[in-house]
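Q: Take a look and give me a structure for this.
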Amino acid sequence: MDSLTQIVLGAAVGEAVAGRKMGGRAALWGAVGGTIPDLDVFLLFFYDPLDAALVHRGFSHSLLFAILSGVILTAISMKLSKKNYDRRTWFLLWFLSVVTHPLLDIFTNYGTQFFWPFDWRLTFNSVFVIDPLYTVPFMILLIGALLMKRESKRRRIWNLTGIIYSSLYLLWGVCIKLFVYSNTDSYFNQAGIEPKRAMVTPMPLTSFYWDLIAEDDSNYYIGYKSLFAPFDPGQIEIHPKNHHLLEQVNWQGNSRIAEIEHITNGFYAVERRKDSLIIHDLRFGTTTTISNGTITTPIMGYGFKLKDHKPEKLFTNRTRDFSKINFSVYWDKVFGK
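A: All right, here's what the predicted structure looks like:
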């Protein structure tokens, strides 16, 4: 999730663990703990985009990292703190504020390597990385709690309500995803498409609008489902796989195809552009609905500069032209208008 959401979650956890003992400092340290796992972004400068995608949300988003962080930060806190808080309180504050960060990220489409060093990347793919309906009510309840006296019972109730709300919202996302996913084949069957495999992912900023991706041997098919309207097969987009283009590359014994398959979970399309190959990571969707169809390119991907069929330079390929975003039309689609 985005940094603000992780700060809110960490602060709420810190307040729940030690708010009565530490007051506002508990929320402050919890917010710090909630941001620590994402410090791995500074390591990404030392990797190419594919390796960086494998490193991000790896060790720093694991259960082992949370335990080690809890032990180390507890020792530091007890040595530096002028207050005589017990070891158990410090450990629970640091461990829980750190570990809830990757647990929340598991619900996004990129997931986390929570059981590092095992290579499993866990993802429910049921909430978009920025979702105001998750973050804003949670933040309001937290701020309201922190404005009350630390001894106040209402302070604990408000903070706990925020944590319960956030947890129920995540459960809502999983339930809605399963409902949409269970009907995916029938949706695409309306257009005469027989999917061999499919996935469902939330659209930007909402859990009411979903991106459905299906594949056959040659193409990917992308459709959209609002909870407030029937599925419209006329909106289905077709993206040729073109996976054979990667097989034509002279990898010189260092093929990156397996990494691409792993990172994208196999949902990628390849496009040739002059002297480059673009790999579109279709899990992140396209710009079609947010631009009212004025641009239709996938949002996220990677690219290789080629020279004599050899990969010369690897780069990240993102849609950067957001001047054509039309939120008015997008929200109409979200609510099925």
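
Q: for the chain, what spans make up the helices?
A: For the chain, the helices defined by DSSP state H occupy 3-22, 24-35, 49-55, 63-80, 87-105, 132-146, 153-182, 184-189, 244-247, 257-264, 327-334.

Q: Against which helices or strands is the last one packed?
A: Right, the one you point to is helix 327-334. strand 219-226 (3 or more Cβ pairs under 8 Å, 6 or more residues apart in numbering; DSSP states H and E). In this view, the C-beta of every residue, glycine as well, is placed from N, C-alpha and C.

Q: Each with direction, which strands does the strand it packs on pair with?
A: Strand 219-226 pairs in its sheet with strand 209-215 (antiparallel), strand 237-240 (antiparallel), by DSSP bridges.

Q: Please identify the deepest-packed of the ones you listed.
A: With neighbours taken as mean count of other Cβ atoms under 10 Å, the strands paired with strand 219-226 reach their highest mean count in strand 209-215, at a mean of 23.

Q: what angle separates it from helix 327-334?
A: 70 degrees (axes from the mean of the first three to the mean of the last three Cα atoms, to 10 degrees).

Q: Lys305 and Leu314: what is the separation?
A: Per Cβ to Cβ, to the nearest Å, Lys305 is found 8 Å from Leu314.

Q: go on, Val329?
A: Taken as Cβ to Cβ, the span from Val329 to Leu314 is 35 Å.

Q: now Leu64
A: According to Cβ to Cβ, Leu64 and Leu314 sit 30 Å apart.

Q: Which of those two has more residues huddled nearby?
A: Legend: neighbour count by other Cβ atoms under 10 Å for Leu64 and Leu314, higher for Leu314 (15 against 12).

Q: shouldn't the more buried one be in contact with Tyr302?
A: Yes: between Leu314 and Tyr302 a contact is recorded at 6.7 Å, counting by Cβ atoms under 8 Å.

Q: list the residues that contact both of those two?
A: 49-50 (Cβ atoms under 8 Å, 6 or more residues apart in numbering).

Q: hmm, back to that, for the strands paired with strand 219-226, could you give me a markdown table that also reports mean pLDDT and distance to Arg272?
A: Below are the strands paired with strand 219-226 laid out as a markdown table (pLDDT from 0 to 100; distance: least, Cβ to Cβ, whole Å):
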| stretch | mean pLDDT | distance to Arg272 |
| --- | --- | --- |
| strand 209-215 | 96 | 20 |
| strand 237-240 | 94 | 11 |
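
Q: will you turn those strands into JSON lines that also has distance to Leu133?
A: Formatted as JSON lines, the strands paired with strand 219-226 follow (distance: least, Cβ to Cβ, whole Å):
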{"stretch": "strand 209-215", "distance to Leu133": "12"}
{"stretch": "strand 237-240", "distance to Leu133": "26"}
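
Q: List the residues that contact the nearest residue to Val8 once chain neighbours are set aside.
A: Leaving out its chain neighbours, the residue that sits closest to Val8 by Cβ to Cβ, 6 or more residues apart in numbering is Met139, at 4.9 Å. Met139 is in contact with 4, 8, 162, counting by Cβ under 8 Å, 6+ apart.

Q: Roughly how far does Met139 sit from Pro37?
A: Using Cβ to Cβ, Met139 is found at 20 Å from Pro37.

Q: thinking again about what came up before, the helices of the chain: which one's closest to Asn292?
A: Closest of the helices of the chain to Asn292 is helix 327-334, at 4.3 Å (criterion: Cβ to Cβ).
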